[in-house]
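Peer 1: Model the structure of this input:
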Amino acid sequence: MTGKSEYMTSRKVVFVAAMLLLASVVVAVALQVTTLQVTSQPPLAKSLNSLNSSGKFPKAPLHRLYVYPRAVFRTVKPGSDVEVKVTIKNVGNTTAIVKPRIVQSNYYFIMTGNMPMPESWVRISPKSVKLEPSEKTEIDLKLSVPNNTSNGNYFCLIALTNDTVNLPYSPYTPFTPKYLYTVSINLEVRKPPDVVVYPTYLSTTVLKGKNKTLKIYVKNSGRKCYSMNPVLESPEYFVSDYTKPLTKDMVSINAPKLIPPNSTVVVNVTLKGLEEGRFSGRIDLNINDTNLEDYNQKVYVTMTVVTPPKTAYVREINVSNLSELKVKVTVNDAGTYSEVRLISPDGKIVKPESVTESVYVSRVKPSFPVPIKPYAVYEKTAGYTASSEGKTYEFVVVKPENGVWKVSVKTISYANIEIKKIY
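Peer 2: Predicted coordinates:
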């Protein structure tokens, strides 16, 4: 009995010790959770939260306004003006007083890196408008950027009324009150560069074992001489399942070191078809015009290397007492290799009557002052870019020789063959 009693006593001691240990763990966890809940709330949260004494959010304002635009984005140069008309309509059932004014938030500038727009840049007219229900008005905003303004992004927020709502603290609404009816102004101020680069994208097909030279035009319309030092880049993001990076042994760059004032220089880029495949890279021209954006002086290059076909597709035409024979072959992509021939029964190669190039034209703002073929063509009143997408070879033979004529086509791309016999 004594042994059993001692055994039961020892079990009770162990049970009590375990319960005490469990309780201490629960208390520690509870204290830690409480501490986390307290410290996770920012120190200013109490003053920023807008819950009223009943623990509910305040009622929404009675005013209901339609505002357009709510945001304005412009890229301007120093010394220029921007005019914006803001339409405001009272779509509620109460009278609204519109008093536009600039309000700023330091938090916004810290988070975005934008600079506050000086109030002296902004002129608002009218200063105050009374809007009855269903009435509409316009607010004129005139933004004047001084000549000596540094490059950068400038922002201001214009509150149209006193309608606000207080929101609980969050990283996205770090300040209160929040104005309901506002217009945000975003100006990217950039002094136009003196140097213009065209084109900024090169793409071509090169036969294996052959070279092809493409041209980049660099125009300096300023009064200062600029330096240039082109370098081939092959960033990792050019590599994919179907694209390999261009290497230095595939590209040869011949460029002048200086770009004189009021002149256009040429950068010759020679691509070498060392092996089959598709290769991509980028040429950084390294022009020291500080107003020329980095992305406007980097030229993307894509080269497809192919092996010309050894054998041709041959279509035979039986000719017997024809008055005329017409053959038209259209190669869909003029940028790839193609060889089109019409061969008479006695083996003579007939020259095409005409070769027509298909050009796809799209309207763009002129980015270069001179016509540059094959990259761009211009009219007097508007600018266009054009790309060559195909060639058509047309053969016309009057009173063709009797016998078997042959149409021979070698191409990397697709070709369409049309034959017309005139009896």
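
Peer 1: Point to the helix or strand of this protein where mean pLDDT is at its lowest.
Peer 2: Every helix and strand in the chain was compared by mean pLDDT, DSSP states H and E; the lowest is helix 45-48, with a mean of 33.

Peer 1: pLDDT score for residue 37?
Peer 2: On pLDDT, residue 37 comes in at 32.

Peer 1: change the start of the numbering to 430 and stick with it
Peer 2: In the new count, where the first residue is 430, that last one comes out as residue 466.

Peer 1: So which residues of the protein form helices?
Peer 2: Along the chain, counting by DSSP state H, helices occupy 431-469, 474-477, 535-541.

Peer 1: Ranked by average pLDDT, which of those falls at the bottom?
Peer 2: helix 474-477 (a mean of 33).

Peer 1: can you list the domains in the chain?
Peer 2: The chain resolves into domains spanning 494-618, 635-735, 742-851 when parsed by automatic domain parsing.

Peer 1: How far does the first one sit from its chain's centre?
Peer 2: Which is domain 494-618. Distance, stretch centre to chain centre, for domain 494-618: 27 Å (Cα atoms, centre = their mean, to the nearest Å).

Peer 1: residue contacts, residue 506?
Peer 2: Residues in contact with residue 506 (Cβ atoms under 8 Å, 6 or more residues apart in numbering) are 574, 618-621. All C-beta atoms are positioned from the backbone trio N, CA, C, and that covers glycine.

Peer 1: Which among the domains of the chain is found nearest to residue 626?
Peer 2: Minimum separation from residue 626 across those (Cβ to Cβ) falls at domain 635-735, 5.4 Å.

Peer 1: How about residue 587: what's its closest non-neighbour residue?
Peer 2: Of all residues not flanking residue 587 in the chain, residue 612 sits nearest, at 4.6 Å (Cβ to Cβ, 6 or more residues apart in numbering).

Peer 1: From residue 543, how far out is the one you found?
Peer 2: To residue 543, residue 612 is 16 Å away according to Cβ to Cβ, to the nearest Å.

Peer 1: ok, these two, which is more surrounded?
Peer 2: Taking other Cβ atoms under 10 Å, residue 612 and residue 543 do not tie; residue 612 has more neighbours (22 against 17).

Peer 1: Identify the residues contacting that one.
Peer 2: Here residue 612 is in contact with 496, 498-501, 513, 515, 529, 570, 586-587, 589 (Cβ under 8 Å, 6+ apart).

Peer 1: Just give me the neighbour total for residue 638.
Peer 2: Quick note: residue 638 (other Cβ under 10 Å) scores 12 neighbours.

Peer 1: My guess is it contacts residue 734. True?
Peer 2: No. Here residue 638 does not reach residue 734: they are 9.1 Å apart, not a contact under Cβ atoms under 8 Å.

Peer 1: joint contacts of those two?
Peer 2: Common neighbours of residue 638 and residue 734 (Cβ under 8 Å, 6+ apart) are residue 702.

Peer 1: remind me which residues of this structure are low pLDDT?
Peer 2: Low-confidence segments of the chain, defined by pLDDT under 70: 430-491, 534-542, 595-606, 666-667, 763-764, 793-816.

Peer 1: picking up where we left off before, between the contacts of residue 506, which is closest to residue 719?
Peer 2: Of the contacts of residue 506, the one sitting nearest to residue 719 (Cβ to Cβ) turns out to be residue 620, at 8.7 Å.

Peer 1: Can you report how many residues neighbour the closest one?
Peer 2: Counted with other Cβ under 10 Å, residue 620 comes out at 14.

Peer 1: quick revisit: please indicate which of the contacts of residue 612 are buried?
Peer 2: Restricting the contacts of residue 612 to buried positions leaves 496, 501, 515, 529, 570, 586-587, 589, with burial counted as 16 or more other Cβ atoms under 10 Å.

Peer 1: In strands, which of these appear?
Peer 2: Judged by DSSP state E, strands contain the following of the buried ones among the contacts of residue 612: 496, 501, 515, 570, 586-587.

Peer 1: Switch the residues you listed over to CSV; also include distance to residue 558.
Peer 2: Formatted as CSV, these follow (distance: Cβ to Cβ, whole Å):
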residue, distance to residue 558
496, 13
501, 19
515, 11
570, 14
586, 19
587, 14
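
Peer 1: any idea how far stretch 700-716 is from the chain center?
Peer 2: With Cα atoms, centre = their mean, you get 21 Å for stretch 700-716.

Peer 1: Only C-alpha atoms, please: export that stretch in PDB.
Peer 2: Extracted in PDB, the C-alpha atoms of stretch 700-716 (Å, rounded to 0.1, in the frame of the first residue of the first chain):
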ATOM      1  CA  LEU A 700      25.900  41.900 -88.400                       C
ATOM      2  CA  LYS A 701      27.800  38.700 -89.200                       C
ATOM      3  CA  GLY A 702      25.900  35.400 -89.800                       C
ATOM      4  CA  LEU A 703      28.200  33.100 -88.000                       C
ATOM      5  CA  GLU A 704      25.600  30.400 -87.100                       C
ATOM      6  CA  GLU A 705      21.900  29.800 -87.600                       C
ATOM      7  CA  GLY A 706      19.400  31.000 -85.100                       C
ATOM      8  CA  ARG A 707      17.800  34.200 -83.800                       C
ATOM      9  CA  PHE A 708      19.900  36.600 -81.900                       C
ATOM     10  CA  SER A 709      19.100  39.800 -79.900                       C
ATOM     11  CA  GLY A 710      21.000  42.500 -78.200                       C
ATOM     12  CA  ARG A 711      21.200  46.200 -77.600                       C
ATOM     13  CA  ILE A 712      23.600  49.000 -78.600                       C
ATOM     14  CA  ASP A 713      24.100  51.800 -76.100                       C
ATOM     15  CA  LEU A 714      25.300  54.800 -78.000                       C
ATOM     16  CA  ASN A 715      26.500  56.600 -74.800                       C
ATOM     17  CA  ILE A 716      25.800  60.100 -76.100                       C
END
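
Peer 1: Check which residues of it are buried.
Peer 2: Per 16+ other Cβ under 10 Å, stretch 700-716 contains these buried residues: 700-702, 708-712, 714, 716.

Peer 1: same question, stretch 737-753
Peer 2: Neighbour count says stretch 737-753 has 746, 748, 751 buried, by 16+ other Cβ under 10 Å.

Peer 1: Out of those, flag the one nearest to residue 836.
Peer 2: The nearest one, if we look at these relative to residue 836 and count by Cβ to Cβ, is residue 746, at 6.9 Å.

Peer 1: Looking at strand pairing, list the partners for that closest one.
Peer 2: residue 834 (DSSP bridges).

Peer 1: so how far is residue 753 from it?
Peer 2: Distance from residue 746 to residue 753, by Cβ to Cβ: 13 Å.

Peer 1: Thanks again, I'm all set now.
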